[in-house]
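Enquirer: Could you look at this predicted model? Sequence included:
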Amino acid sequence: MKIAEHVESTDGFLSKLSLYKALALIALAQQGKQPSPKLLENCIQELPKPQLGEPRDLGTLRMQPAQDDVLTVSQTLDKLLARDAVQVELIPEKKGLFLKHVEYQVTSQRYKISVYRRYSDFDVFHEVLLQRFAYRVVPALPPKRMLKGVLTSVSEREFIEGRRRALGRFINLVARHPFFSEDELIKTFLTFSGSDVQTKLRDSYKKTGDEFMTNRMATLAKEYLPADIQAQFSTSRELIRNIHNSFHKLRDRAEKIAERSKENATDLLMFGRELSTLGSDTSSLPSLASSQSTWGTLRQSLKSLSVEFAVLSDKSAQQGRREEDDVVEKLNLFLDLLQSYRDLCERHEKGVLHEHQRALHKYGMMKRQMMSATVQPKEQASVEQLESRIVQQENAIQTMELRNYFSLFCLHQETQLIFTYLPITSHILGAFVNSQVQGHREMGEVWNELQPKLGCLFGGNNGLKPPI
């Protein structure tokens, strides 16, 4: 600390002269002297040189970063959700000469900007994102499906709405990812308003390359991995697979509940219309029934009830939308993340791990060829060529080993990310309960308003008759 006080620095950087001065003061301190700039004034010919030891000893001096800094994902779900909230809205389609294209308005809360994107822009973004972050969870895109003609059929409209929702989930998971949400690719996609965002995205990737080339931990990953990393990976993968299956079933049930609310809305509306149809019937009753039957009075009262049933239908439809927006969508968001984790595990096993094993097999074949060449005399040129290929293969294997360890390193972090998202379960349950409470309360209020009207219309106990 005393040496640092005697050395001038600008913004934390030393000039060449300041560096020499600092080394000289270190040398004086090693000699048992109190480091002081005045002592340097006595050095006429050259400054004293410090004892640095052997270069190989410097490795022991390197400070080991805390495990939390490099391997542990120190994030909470609330922090991840607060990173950004991106809205993807469908805008009126633009008509070309022959085709019409669906376009989306993408609005980032973080960057306070809206840009316009087509599906093909999302597709290119997903492509370069997967190339840049092959060792991370990159959610899949919904299917493209070429559209034909004007959007007139219900199924086609439903498909477009489903795709819009899926694109929204995709971009939100990406924008909130703790390791690549700060990358230039994401910022470009969310903020670039030029005419060719696809070229901009590809150029951005070409400048940086994949994460292995830019991450400072790429060549050090092995040092930070736990010894039982493979066992941990297998255990976590099985647990997450079971969680995925359970959430898949929860989503299917939630979809059915939302669908039933919508069907209930349709049934209530049709029920009211049928009552109105009955009430609108002006046919006169036959003489044998007109003297004793109250049907004529009842029939006139039925028509007004269709209003209440239309309100009930609307409340039920709102209930279905809440269940779909607040419950099903949250389940789909987490399912998209879980599926992308499964895809990542497959990329690790079928990609870098498989390539590493192939490279080792190829290297073994080359070594056997080399041994054969030393036993059976061959041309010097062919032997040297084989030696060169072996050296190249050794370098390739070394790089693949580093990539394999880095892939495991990232996989370990992405596994933690899945567990960080697990508290979303409470968000889902809260949304489900709130939607049911609100829906039943609103419909209960309409039913309660309807009940006394029955008594006014039909007489008796509010229309409640004893069992027939």
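Expert: Great, that's in hand.

Enquirer: residue ranges of the helices in the stretch 251-400 of the chain, please?
Expert: Per DSSP state H, counting those that start in this stretch, the stretch 251-400 of the chain carries helices over the ranges 287-290, 295-322, 329-347, 353-375, 380-421.

Enquirer: Could you do the stretch 1-150 of the chain as well?
Expert: Counting by DSSP H, counting those that start in this stretch, the helices of the stretch 1-150 of the chain are 2-5, 16-30, 37-40, 67-70, 77-83, 119-132.

Enquirer: most neighbours per residue, which of these?
Expert: Neighbour counts (mean count of other C-beta atoms under 10 Å) averaged over each of the helices of the stretch 1-150 of the chain peak at helix 119-132, with a mean of 19. Placement of C-beta: from N, CA and C, glycine included.

Enquirer: for the most centrally placed residue in the chain, phi and psi?
Expert: Closest residue to the average C-alpha location of the chain: residue 173 at 2.4 Å, with C-alpha atoms, centre = their mean. Phi and psi for residue 173, reported as degrees, to the nearest 10, are phi -60, psi -40.

Enquirer: Go ahead and confirm it touches residue 334.
Expert: No: at 9.5 Å, residue 173 does not count as touching residue 334 under the criterion of C-beta atoms under 8 Å.

Enquirer: hey, which helix or strand in this protein has the poorest pLDDT?
Expert: Across the helices and strands of the chain, mean pLDDT, DSSP states H and E gives its lowest value to helix 353-375, namely a mean of 52.

Enquirer: still on that earlier bit, what's the residue nearest to the centre of the chain in contact with, if anything?
Expert: By C-beta atoms under 8 Å, 6 or more residues apart in numbering, residue 173 lies in contact with 137, 139, 333, 336-337, 340.

Enquirer: export the residues you listed to TSV and tack on neighbour count?
Expert: Shown next, in TSV, are the contacts of residue 173 (neighbours: other C-beta atoms under 10 Å):
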residue	neighbour count
137	28
139	22
333	22
336	19
337	21
340	19
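
Enquirer: any low-confidence regions in the protein?
Expert: For the chain, the stretches with pLDDT under 70 are 1-5, 9-14, 16, 38-69, 93-100, 146-154, 285, 288-293, 351-397, 456-468.

Enquirer: if I look at the closest residue to residue 417 other than its chain neighbours, how far off is residue 198?
Expert: Nearest residue to residue 417 in three dimensions, chain neighbours excluded: residue 73, at 5.8 Å (C-beta to C-beta, 6 or more residues apart in numbering). According to C-beta to C-beta, to the nearest Å, residue 73 stands 32 Å off from residue 198.

Enquirer: what about these two, which has more around it?
Expert: residue 73 (18 against 15; other C-beta atoms under 10 Å).

Enquirer: Verify the contact between that one and residue 412 for me.
Expert: No: using C-beta under 8 Å, residue 73 is not in contact with residue 412, being 9.1 Å away.

Enquirer: Output stretch 332-350 as PDB - backbone C-alpha positions only.
Expert: What follows is stretch 332-350, C-alpha atoms only, in PDB (Å, rounded to 0.1, in the frame of the first residue of the first chain):
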ATOM      1  CA  ASN A 332     -46.100 -22.100 -21.600                       C
ATOM      2  CA  LEU A 333     -43.300 -19.700 -20.800                       C
ATOM      3  CA  PHE A 334     -41.700 -22.100 -18.300                       C
ATOM      4  CA  LEU A 335     -42.300 -25.100 -20.700                       C
ATOM      5  CA  ASP A 336     -40.500 -23.200 -23.400                       C
ATOM      6  CA  LEU A 337     -37.500 -22.800 -21.100                       C
ATOM      7  CA  LEU A 338     -37.600 -26.500 -20.000                       C
ATOM      8  CA  GLN A 339     -37.800 -27.600 -23.600                       C
ATOM      9  CA  SER A 340     -34.800 -25.400 -24.500                       C
ATOM     10  CA  TYR A 341     -32.900 -27.100 -21.600                       C
ATOM     11  CA  ARG A 342     -33.600 -30.500 -23.100                       C
ATOM     12  CA  ASP A 343     -32.400 -29.300 -26.500                       C
ATOM     13  CA  LEU A 344     -29.200 -27.900 -24.900                       C
ATOM     14  CA  CYS A 345     -28.500 -31.300 -23.300                       C
ATOM     15  CA  GLU A 346     -28.900 -33.000 -26.700                       C
ATOM     16  CA  ARG A 347     -26.600 -30.400 -28.300                       C
ATOM     17  CA  HIS A 348     -24.000 -31.100 -25.700                       C
ATOM     18  CA  GLU A 349     -24.100 -34.900 -26.200                       C
ATOM     19  CA  LYS A 350     -24.600 -35.000 -29.900                       C
END
